[in-house]
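Asker: Fold the following.
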Amino acid sequence: MRRLALAALLLGACSEPKPPPRLESLSTPEGHPRSKIVSRGETFSPVDYLVPGHVTVLGFSADWCKISQQASPWVDQLVARYDKVLLRKVDVGDGVTPAARQAKSEHQLKSTPFYVVFDGRGLLVGRVEGPDVGALEWGIRKALAP
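Answerer: Presented below is the predicted three-dimensional model:
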């Protein structure tokens with residue numbers, strides 16, 4: 001009986017850790033979702049993604065893009081580290097959707113993934129092309145700075 005209890009204890013200690021909650025399921029204390037899809041190919045407005053007093057990372061990706069898929073969990077983890085940072089996602093589809101055309105003209109989108117960082121007043125702080133999480137963190141820190 002003791003061996004069985006010890007085995008159960010050891011197996012429990014060696015089980016896989018519970019994954020952290022998905023960013024999509026988290027909210028700020030004010031009730032704003034930490035992560036939100038604001039467009040799946042259709043046009044979008046700053047009202048859809050900017051939240052006063054919060055840094056907003058506007059992330060452009062495409063479901064078919066492997067690099068976007070690989071970068072996504074890293075970006076989610078980065079954003080989750082900061083209480084006042086929100087992630088708003090735009091799926092640009094095949095690159096000729098209204099959202100893609102808008103992103104190309106308004107934000108100089110050239111490829112995915114692509115990120116645009118706004119400070120808490122809605123002012124553009126920086127753009128990051130590709131899955132450069134270090135550059136994205138630099139932009140977030142710059143946007144958070146007083």
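
Asker: Please look at Phe114 and Cys65 and confirm they touch.
Answerer: No. Assessed by Cβ atoms under 8 Å, Phe114 is found out of contact with Cys65, at 10.4 Å. C-beta: built from backbone N, CA, C; applies to glycine.

Asker: out of these two, which sits in the more crowded spot?
Answerer: For Phe114 versus Cys65, neighbours defined as other Cβ atoms under 10 Å are more numerous around Phe114 (23 against 18).

Asker: Distance check, the more buried one against Gly93.
Answerer: Look at Phe114 and Gly93: by Cβ to Cβ, to the nearest Å, they are 14 Å apart.

Asker: Likewise for Ala135?
Answerer: Taking Cβ to Cβ, one finds Ala135 at 25 Å from Gly93.

Asker: What residues of the longest helix along the chain count as buried?
Answerer: Ordering each helix of the chain by length in residues (DSSP state H) puts helix 66-80 first. By 16 or more other Cβ atoms under 10 Å, the buried positions in helix 66-80 come out as 68, 71-72, 75-76, 78-80.

Asker: Give me the residues contacting that helix.
Answerer: The contact list for helix 66-80 (Cβ atoms under 8 Å, 6 or more residues apart in numbering) reads 20, 22-23, 26, 34-35, 57, 59, 61-63, 85-87, 112-113, 115, 130-131, 133, 136-137, 140.

Asker: Also stretch 114-123?
Answerer: So stretch 114-123 is contacted by 46, 50, 52-61, 75, 84, 103, 107, 124-130, 136, 139-140, 142-144 (Cβ under 8 Å, 6+ apart).

Asker: Quote the end-to-end distance of that stretch.
Answerer: Chord length of stretch 114-123, first to last residue, is 17 Å (Cα to Cα, to the nearest Å).

Asker: Distance from that stretch to the middle of the chain?
Answerer: 13 Å (Cα atoms, centre = their mean, to the nearest Å).

Asker: tell me the mean pLDDT over it?
Answerer: Average pLDDT, stretch 114-123: 96.

Asker: got it, and stretch 37-47?
Answerer: 91.

Asker: ok, and for that stretch, which residues are buried?
Answerer: In terms of neighbour count (16+ other Cβ under 10 Å), stretch 37-47 has its buried residues at 38-39, 41, 44.

Asker: Could you dump the residues you listed into CSV and include distance to Asp119?
Answerer: Output for the buried residues of stretch 37-47, formatted as CSV (distance: Cβ to Cβ, whole Å):
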residue, distance to Asp119
Val38, 18
Ser39, 21
Gly41, 27
Phe44, 19
